[in-house]
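Q: how would this look folded up:
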Amino acid sequence: MSARKKKKQKSTMETVLSIVVAIGIAIILRSFSFEPFRIPSGSMLPTLQLGDYILVNKFSYGYSKYSFPFGIIGFSGRFFSSEPKRGDIIVFRPPTAIKVDYVKRLIGVPGDTIQYQNGRLYINKRLVDRQLLGPVMTNDVPSYQANKYTETLPNGIKHFIYEISDNQPLDNTEEYTIPQGSYFFCGDNRDNSSDSRVFHFVPFENLVGRVSTVVVSFDQSFHWYNPISWFSSIRYNRLFHNPNNLSRS
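A: Below is the predicted model:
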């Protein structure tokens, strides 16, 4: 083999090695630090908008097999675990759709009782306070009118919710008692959310991470084939927005 051919082969191998290392680093960062997600539905309106690109903090609650891409590392439980707090916005895998990432708000923790009666949320048999802010037209697809409220959870966390009315299919539920090691989630868009009122309890192991930041957000005029829309569709007021900050939701 000529020296020139050996040099070319070496260069090719170095390129391949560099790509493999880069992929490995990306997988490690995604698994152990922050992972990006896109919000595809309006179930968390008004807190999270369709077209939001969020970062999820993977070390908020420690690591489980769901922390790793494609389930490449399989084990039970969590390590470096830390308990989530009521009101956290969390990405998780529901037990009924274990390969699908959901994002909802943590409403109930182990030992709580949760129930909806006539559209009102009861935690441990106490009515959760909500204050009407007025009717709004949502930017869901398609748009519709809803009432916007400020809801205050028992630990003092305040956040906005949407309710179409207090007489929707999920506005009356049985009383759920949350078992140890499990959690109860609801979407902030209460009448347009498939959540624990449907799939019930989510094991601690199924939590992926806590939503920390909206990095960028695009409205419905964004089209990948139209470069102009890459800029014109940006919601600039949501750049690096903290969805846990009530005043900017």
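Q: How confident was the prediction at the residue nearest the centre of the chain?
A: By C-alpha atoms, centre = their mean, the chain has its centre lying nearest to residue 103, at 2.6 Å. We note a pLDDT of 97 for residue 103 in this prediction.
Q: residues touching it, list them.
A: Residues in contact with residue 103 (C-beta atoms under 8 Å, 6 or more residues apart in numbering) are 37, 39, 43, 44, 48, 54, 89, 90, 91, 92, 211. Where C-beta positions appear, they are placed from N, C-alpha and C, glycine not excepted.
Q: hey, where'd the strands end up in the protein?
A: Listed in chain order, the strands of the chain (DSSP state E) span residues 34-38, 52-57, 89-92, 102-108, 113-117, 120-123, 126-127, 129-137, 145-152, 158-163, 176-177, 182-186, 202-203, 207-217.
Q: which of the residues in the fourth one are buried?
A: It stands for strand 102-108. Neighbour-count burial for strand 102-108, counted by 16 or more other C-beta atoms under 10 Å, picks out 102, 103, 104, 105, 106, 107, 108.
Q: Please work out which helix or strand belonging to this structure has the smallest mean pLDDT.
A: The weakest-scoring helix or strand in the chain, judged by mean pLDDT, DSSP states H and E, is helix 3-32 (a mean of 46).
Q: one step back: nearest to residue 65, of the strands of the chain?
A: strand 207-217 (10.5 Å; C-beta to C-beta).
Q: tally of neighbours for residue 228?
A: 9 (other C-beta atoms under 10 Å).
Q: List phi and psi for it.
A: Main-chain dihedrals, residue 228, degrees, to the nearest 10: phi -60, psi -40.
Q: ok, back up a step: let me know which of the strands of the chain is the nearest to residue 76.
A: strand 202-203 (10.3 Å).
Q: helices and strands around that closest one, which ones?
A: On a contact count with 3 or more C-beta pairs under 8 Å, 6 or more residues apart in numbering; DSSP states H and E, strand 202-203 meets strand 182-186.
Q: Mind listing residues that contact the strand it packs on?
A: With contact meaning C-beta under 8 Å, 6+ apart, strand 182-186 is reached by 84, 90, 92, 102, 104-110, 112, 114, 121, 176, 178, 193, 195-197, 200-204, 207.
Q: which of these count as buried?
A: Applying 16+ other C-beta under 10 Å to these flags 84, 90, 92, 102, 104-109, 112, 114, 121, 176, 178, 193, 195-197, 200-204, 207 as buried.
Q: Quick one: end-to-end length of stretch 176-187, please.
A: End-to-end distance for stretch 176-187, by C-alpha to C-alpha, to the nearest Å: 17 Å.
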